[in-house]
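Q: Predicted structure and sequence below. I'll ask about it afterward.
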Amino acid sequence: MAVCVLGSGCGCGCPSPTPVPVLHGTAVSYVLRLDQLPTSGFTADTTPHAVDPATVFAAAADLAALRGAGLGGAATARYLQPAPVLATANGPLDVVATVVAFSGVSGAHQGMTRLSAQVDARAGVGQVAAGDLGAESHAVTQTATAADGTVVVEVTVLWRVANLVNEMVVRGRLGGTGVGDAVVIANRQAAGER
């Protein structure tokens with residue numbers, strides 16, 4: 001029996017595996033831009049800019065392990081939609097887009113695994129379907145009550161495309177926004193990674 005080794009021609013008649021391409025842009029170049037949001041009226045609280053990966057990976061042990069696995073740069077942006085009255089607001093009100101770049105796919109997979117575990121460990125989260133955003137995807141929701149008594153929701157969508165790990169956080173009034181909105185916005189960012 002012949003066994004093919006990744007990246008080698010083996011003469012066994014089996015096709016050589018196609019390597020997963022590595023994306024070479026900076027993390028900032030992949031972060032969602034204001035003009036990519038699906039609705040108008042958002043303002044940029046912070047435009048896409050580089051950040052320390054420690055702002056994404058909270059545990060020092062995770063950060064150290066991921067640096068050893070090729071962790072590169074990270075970038076984020078935040079967009080706000082002014083809502084005159086939170087209790088009646090519809091659609092996303094707060095969008096935070098983040099990208100973390102790795103030197104290879106294996107490191108990005110490790111980053112995705114660790115970030116998913118970090119998000120799942122938050123109190124009160126519930127897992128939901130994220131759809132097909134990339135090679136891996138994960139999503140959770142979490143609710144809270146605002147000062148005016150309005151129940152608000154935070155949807156966190158994670159996905160990996162090649163060597164990029166993405167996090168999209170969407171917040172708004174429960175019933176006015178949800179997983180569907182978060183996935184639509186995530187797809188806008190993911191489109192630039194393909």
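A: Noted; the coordinates are in hand. Numbering: from 1, shown residues only.

Q: Please count neighbours and contacts with C-alpha atoms only from this point.
A: Fine.

Q: contacting residues around the closest residue to Phe42 other than its chain neighbours?
A: Leaving aside its chain neighbours, Phe42 sits nearest to Gln81 (4.4 Å; criterion: CA to CA, 6 or more residues apart in numbering). Residues in contact with Gln81 (CA atoms under 8 Å, 6 or more residues apart in numbering) are 41-43, 92-94.

Q: any idea how far Gln81 lies from Thr55?
A: 23 Å (CA to CA, to the nearest Å).

Q: ok, now Leu63?
A: From Leu63 to Thr55 the distance is 10 Å (CA to CA).

Q: just to revisit the earlier point, I'd like the contacts of Gln81 written out as JSON lines, with neighbour count, secondary structure and pLDDT added.
A: JSON lines is the format used below for the contacts of Gln81 (neighbours: other CA atoms under 10 Å; DSSP: H, G, I helix; E, B strand; the rest coil; pLDDT from 0 to 100):
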{"residue": "Gly41", "neighbour count": "12", "secondary structure": "coil", "pLDDT": "94"}
{"residue": "Phe42", "neighbour count": "19", "secondary structure": "coil", "pLDDT": "96"}
{"residue": "Thr43", "neighbour count": "14", "secondary structure": "strand", "pLDDT": "97"}
{"residue": "Pro92", "neighbour count": "28", "secondary structure": "coil", "pLDDT": "96"}
{"residue": "Leu93", "neighbour count": "20", "secondary structure": "coil", "pLDDT": "96"}
{"residue": "Asp94", "neighbour count": "18", "secondary structure": "strand", "pLDDT": "97"}
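
Q: in this protein, which helix has the most residues?
A: helix 105-120 (DSSP state H).

Q: Residues touching that helix, excluding its own?
A: Residues outside helix 105-120 that contact it (CA under 8 Å, 6+ apart): 20, 22, 56-58, 62, 66, 69-71, 101-102, 126-127, 136, 138, 140, 158-160, 162-165.

Q: swap in stretch 145-154?
A: 86-87, 141-144, 169-174, 177-178.

Q: What subset of those residues is buried?
A: Among these, those scoring as buried are 86-87, 141-143, 169-174, 177-178 (criterion: 16 or more other CA atoms under 10 Å).

Q: So the residue nearest in space to the middle of the chain: helix, strand or coil?
A: Geometric centre of the chain, nearest residue: Glu167, 2.0 Å, by CA atoms, centre = their mean. What DSSP: H, G, I helix; E, B strand; the rest coil gives for Glu167 is strand.

Q: thought it was touching Arg78?
A: No: counting by CA atoms under 8 Å, Glu167 does not reach Arg78; the two are 11.9 Å apart.

Q: Please enumerate the shared neighbours of the two.
A: With CA under 8 Å, 6+ apart as the test, Glu167 and Arg78 both reach Ala97.
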